[in-house]
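**Student:** Got a sequence here, can you model it:
(one chain, ligands or ions: 1)
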Amino acid sequence: MLTSEELATRIARVQQVITEAAERAGRDPRAVRIVAVTKGVERALVDLAYQLGLRIFGENRVQEAAQKFGETPLPEDAELHLIGHLQTNKARSAVRLFSMIHSVDRIPLVLELERRSERLNQRVPVLIQINVAREPQKHGCAPEEAPSLVQAILAAPQLELRGLMTIAPLTSHDEDIRQVFRMLRLLRDDLEQRFGIPLPELSMGMTNDFPIAVEEGATLVRIGRALFGERQDGDRLVR
Ligand SMILES: *Cc1c(COP(=O)(O)O)cnc(C)c1O
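**Tutor:** As a prediction, the model looks like this:
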């Protein structure tokens, strides 16, 4: 496991890169929050990250999150976000475990989340995941499907639509990545106007591309490896 000092250094480095990217873009660095991605990371290290000041944690699988946080939740002032694909039959557990769901991408899931959160009498902040680059193997709805999802979520009283999320393609062409993040921001602006609602959150950027995401307007950057090191058990990111 990383030592406290090593982790503190990594957190400070990520924070520094965020600050520099925000300043390049004329943004307030405090408008960008780190979602520390803890898939494959043992609970003790998550707790250490909390002690070092991180407050938002992201898991991409309901089952792993339930094992890690089900019995011993994070402290009250911390948030656990679901950043990975959500199967409809896991909606109930997801509503119980997570304080935000980044991966809402189809209407049946909206309906099931609404049904489950109503029964549990809980409000659930959600983001719509957009497959901006239209990669066939990737989850997320197509950009042109976003308005119908917005409509469905607005019609679901327990769900609180907070913004959009995307995963950039795995490429070393920075301009292609930037284009994807920019398109997500423009889609957000368009939906805000069209529906007359605020959509403050843009969840975009990971270890490989978060400086670009911050320059393009990210408010939530989802960072795993830059904080916790390379994952031992294989990357379960579904791209
Ligand atoms: C794993 C994962 C991340 C973090 O990836 P890193 O490359 O470790 O920063 C971000 N978003 C999603 C959806 C993930 O599954």
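
**Student:** What score does residue 232 have for pLDDT?
**Tutor:** At residue 232, the pLDDT value in this model is 71.

**Student:** which residues sit in contact with residue 199?
**Tutor:** Counting by CB atoms under 8 Å, 6 or more residues apart in numbering, residue 199 makes contact with 161-164, 188, 191-192. Using the backbone N, CA and C atoms, a C-beta is placed for each residue, glycine as well.

**Student:** What subset of the residues you listed is buried?
**Tutor:** 161-164, 188, 191 (16 or more other CB atoms under 10 Å).

**Student:** so what's the residue of the chain found nearest the ligand closest to, chain neighbours aside?
**Tutor:** Residue nearest to the ligand within the chain (CB to the nearest ligand atom): residue 224, separated by 2.6 Å. Distances taken as CB to CB, 6 or more residues apart in numbering place residue 37 nearest to residue 224, at 3.4 Å, with adjacent residues excluded.

**Student:** ok so, going back, farthest pair in the buried ones among the contacts of residue 199?
**Tutor:** In the buried ones among the contacts of residue 199, two members sit farther apart than any others by CB to CB. They are 162 and 191, at 12.1 Å.

**Student:** hey, where'd the strands end up in the chain?
**Tutor:** 33-37, 56-59, 79-82, 100-104, 124-129, 159-165, 201-203, 220-223 (DSSP state E).

**Student:** about what we covered before: please produce a markdown table containing the contacts of residue 199, extended by pLDDT and distance to the ligand.
**Tutor:** Shown next, in a markdown table, are the contacts of residue 199 (pLDDT from 0 to 100; distance: CB to the nearest ligand atom, whole Å):
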| residue | pLDDT | distance to the ligand |
| --- | --- | --- |
| 161 | 98 | 19 |
| 162 | 98 | 16 |
| 163 | 99 | 15 |
| 164 | 99 | 13 |
| 188 | 98 | 18 |
| 191 | 98 | 21 |
| 192 | 98 | 24 |
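
**Student:** just those residues now: which is nearest residue 137?
**Tutor:** Taking CB to CB as the measure, residue 137 lies nearest residue 164 of the contacts of residue 199, at 20.1 Å.

**Student:** Dig out what the closest one forms beta bridges with.
**Tutor:** residue 128, residue 202 (DSSP bridges).
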